[in-house]
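> need a structure here:
(one chain, ligands or ions: 1)
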Amino acid sequence: MNGNFAADLQAVFATHGSRPALRMADGGLWTYSDLAEQTARLTRVLVEAGVAPGDRVLAQVGKMPEAVALYLATLQAGGVYVPLNSAYTAAEVAHFLADAEPRLFVRDPASLDSADEHGGRGVLTLGSDGGSLVQAMDAAEPCHDVAERDGDDLAALVYTSGTTGRSKGAMLTHDNIRSNAEALRRYWGWRDDDVLLHALPLFHVHGLFIALHCALLGGTPTIFLPRFDVRTVKQHLPESTVMMGVPTFYTRLLQDADFNRGHCRGVRVFISGSAPLTEATFDAWQVRTGHRILERYGMSETIINTSNPLHGERVAGSVGFALPGVEVRVTGEGGEPLPAGEVGGIEVRGENVFKGYWRQPEKTAEEFRPDGYFITGDLGVMDAEGRLSIVGRARDLVISGGYNVYPKEVESLIDELDAVAESAVIGVSHPDFGEGVVAVVVPSDGPVSTDQVTAFLKGRLARFKQPKQVVNVEALPRNSMGKVQKNRLREEYEGLFSSAS
Ligand code: AMP
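Predicted coordinates:
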């Protein structure tokens, strides 16, 4: 049997031909036959461009239906899809070109002037006004053959967002992608009449795999929006049954005074991930819409690890249970499993776990335990029932005076203050304590003082965990997936205590 995930999708597309696959905001529509046909034409284009099984196709393109076909055609041709954030600069792209050594590079024609060197690789363009890829696709004879692949062969190389050091390519196999997509489809009870609202980017596992695969495997329609925008989302939400988003989608909708239950009347589940959803947002969403957001936890290296249940209690602040086929444990520094209730490193094993970092065997070896568990770099705690809660990234842990401070615990309390819209807790060098706790807050009204915060935390939180300084900012720096960039905050406030001493 062909282990190529494209073969599974091709079989679904064949039985759902006339159904809508991608419905665009401008009224455009691709049915499943259109998607299969365009994928087949593009497969021919790729094969003629020399893409052979195992070859990488690097794509830095906008969100459009042809980009979905490009991903599917790469798999169908046996290639390895390498999606890149459209915000990467030419210098960053040069690193990915050198590292991934793609056979073909597909890029937006609008950024052509910044592209000087492709090292002799094939280049095609795909932009909102077309491009050479679209021309080639229109002229090509469809190729419906699906290249033979083993389930363990690479399907995608996903570069991690890389907040420290150079970004690494996570090698995902056809089996990783297939097993996770199938597990999610079952776990989230995907229905034949589901309509997915898709406003996520396509260069990240959330938009490309998690969201899209549920719909594509189900042969159900996707409302395919170019980006998240409150007005457009409000317009299309009433026709949707499932929305998947990053927490910022939820906070931005809540900021819109007109957003109400009527917009959500057909929705059966709202799903959130890629960054922590605060309890305040979870609660406010429930009050406004009547829905309890289903939070789940994943990463580029493992797609989805855990999820709150579809039926049963969805707990604010928890990312739920290990998905079927995935094992999750919390360990101490030496890798020894910790009992329920203790904070430690989150480790994951299962069909979803990637094969390693591209051309980095040492880095790969460092991140895996001998028994096959992947060390995620996240810190968490599991309760006696197996519900996991994340307390932060290991590298965001603050050690002040020798004591561990888990930022999320402090942030959750500070966020309870009416005067604070949101907060990020970081550690920066401190002459006495090694690291001093700093709370960076976005005030909801006037400035928030350090005294105000410490007075509120008194009796609620041990002294060593309380911020030694509160800094007010207009907004927290976030990446395109809504993650707060704590490394940037640490850099910015590095001298906060040393300059005072
Ligand atoms: P990425 O590889 O860019 O998807 O980033 C993965 C990281 O995002 C994880 O290792 C977590 O630190 C974080 N993350 C993903 N989902 C959640 C969640 N539901 N709650 C908290 N952090 C999350």
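> for the stretch 201-350 of the chain, what are the low-confidence residue spans?
Within the stretch 201-350 of the chain, no stretch has pLDDT under 70.
> which parts of it are helices?
205, 212-218, 230-236, 247-254, 279-289 (DSSP state H, counting those that start in this stretch).
> buried set for the third one?
Spelled out, it's helix 230-236. T232, V233, K234, H236 (16 or more other Cβ atoms under 10 Å). Any C-beta I mention is one placed from the backbone N, CA and C, and that applies to glycine too.
> so who does the first one touch?
T232 makes contacts with A25, A199, L225, as judged by Cβ atoms under 8 Å, 6 or more residues apart in numbering.
> I'd like to know which of those residues is nearest to D283.
Proximity of those to D283 (Cβ to Cβ) peaks at A199, which lies at 22.9 Å.
> isn't the closest one up against L225?
Yes - using Cβ atoms under 8 Å, A199 is in contact with L225, at 4.4 Å.
> overlap in contacts of these two?
T232, V233.
> who has more neighbours out of the two?
The neighbour comparison of A199 against L225 (other Cβ atoms under 10 Å) goes to A199, with 24 against 19.
> from G350, how far out is the more buried one?
29 Å (Cβ to Cβ, to the nearest Å).
> how about the helices in the stretch 351-500 of the chain?
361-367, 407-415, 450-457, 486-493.
> show me what from the chain comes close to the ligand.
For the chain, the residues in contact with the ligand (Cβ under 6 Å from any ligand atom) are 160-161, 205, 273-276, 295, 297-300, 319, 376, 378, 390, 393, 481.
> hmm, 5 Å instead?
Counting by Cβ under 5 Å from any ligand atom, the residues of the chain lying close to the ligand are S161, G273, S274, P276, Y297, M299, S300, V319, D378, I390.
> on that earlier part again, ok, the contacts of T232 vs the ligand, which is closest?
Nearest to the ligand among the contacts of T232, counting by Cβ to the nearest ligand atom, is A199 at 16.8 Å.
> residues in contact with the closest one?
Taking Cβ under 8 Å, 6+ apart, we find A199 in contact with L225, R227, F228, D229, T232, V233, M243, G245, F249.
> again, only this time at 7 Å
A199 sits next to L225, R227, F228, V233, G245, F249 when contact means Cβ atoms under 7 Å, 6 or more residues apart in numbering.
> how many other residues sit next to the fifth one?
In terms of burial, G245 registers 26 neighbours under the definition other Cβ under 10 Å.
> try Q255
Q255 has 10 nearby residues by other Cβ under 10 Å.
> pLDDT weak spots in the stretch 401-501 of the chain?
499-501.
> and the strands in it?
Assigned strands in the stretch 401-501 of the chain, in chain order: 403-405, 420-430, 434-443, 469-472 (criterion: DSSP state E, counting those that start in this stretch).
> now those strands in CSV, with mean neighbour count?
Output for the strands of the stretch 401-501 of the chain, formatted as CSV (neighbours: other Cβ atoms under 10 Å):
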stretch, mean neighbour count
strand 403-405, 16
strand 420-430, 22
strand 434-443, 21
strand 469-472, 18
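> picking that back up, and the contacts of A199, which two are furthest apart?
That would be R227 and G245, which, of the contacts of A199, are the farthest apart (Cβ to Cβ) at 11.9 Å.
> what's in contact with stretch 363-378?
168, 299, 301-302, 329, 335, 345-349, 353, 356-357, 390, 393-395.
> correction: the previous question concerned stretch 155-175.
So stretch 155-175 is contacted by 3-5, 56, 75, 80-84, 95-96, 99-100, 149, 151-154, 177, 205, 300-301, 351, 354-358, 360, 363, 395, 479, 485, 487 (Cβ under 7 Å, 6+ apart).
> what are the ranges of the strands in the stretch 151-300 of the chain?
154-159, 169-173, 196-198, 222-224, 242-245, 269-272, 294-299.
> what's the average pLDDT for the second one?
Here the mean pLDDT over strand 169-173 is 98, rounded to a whole number.
> now it: buried residues?
Buried, per 16+ other Cβ under 10 Å, within strand 169-173: G169, A170, M171, L172, T173.
> what's the closest non-adjacent residue to the third one?
Among residues not flanking M171 along the chain, K355 sits closest, at 4.3 Å (Cβ to Cβ, 6 or more residues apart in numbering).
> hang on, the earlier thing: most tightly surrounded among the helices of the stretch 201-350 of the chain?
Comparing the helices of the stretch 201-350 of the chain by mean neighbour count (mean count of other Cβ atoms under 10 Å), helix 205 ranks first with a mean of 27.
> quick one: contacts of it?
V158, G298, S300, I303.
> neighbour-wise, which of those residues leads?
Busiest of the contacts of helix 205 [other Cβ under 10 Å] is I303, holding 28 neighbours.
> per-residue confidence at the closest residue to that residue other than its chain neighbours?
Once flanking residues are discounted, I303 sits nearest to N180: 4.2 Å by Cβ to Cβ, 6+ apart. Note on N180: pLDDT of 98.
> and for the one 3 residues further on?
According to the model's per-residue confidence, A183 sits at a pLDDT of 98.
> from V440, how far off is it?
From A183 across to V440, the span is 37 Å (Cβ to Cβ).
> nearest to the ligand, out of the contacts of helix 205: which one, please.
Using Cβ to the nearest ligand atom, S300 is the member of those that sits closest to the ligand, with 3.4 Å.
> show me the contacts for that closest one.
V158, T160, A170, V205.
> in CSV: those, plus distance to G62.
CSV is the format used below for the contacts of S300 (distance: Cβ to Cβ, whole Å):
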residue, distance to G62
V158, 18
T160, 22
A170, 23
V205, 18
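> name the nearest residue to L84, ignoring sequence neighbours.
Here the residue nearest L84, using Cβ to Cβ, 6+ apart, is Q60, at 4.1 Å.
> again but with H198, I slipped
Closest to H198 by Cβ to Cβ, 6+ apart is T222, at 5.0 Å.
> for the one you found, name its beta-bridge partners.
Here T222 sits in beta bridges with L22, L196, going by DSSP bridges.
> from the ligand, how far off is it?
Here T222 is placed at a distance of 20 Å from the ligand (Cβ to the nearest ligand atom, to the nearest Å).
> and A316, its phi and psi?
In terms of degrees, to the nearest 10, the main-chain angles of A316 are phi -60, psi 140.
> give me the contacts around stretch 24-31.
By Cβ under 7 Å, 6+ apart, stretch 24-31 touches G17, S18, R19, P20, A21, L22, R23, P65, F224, L225, P226, T232.
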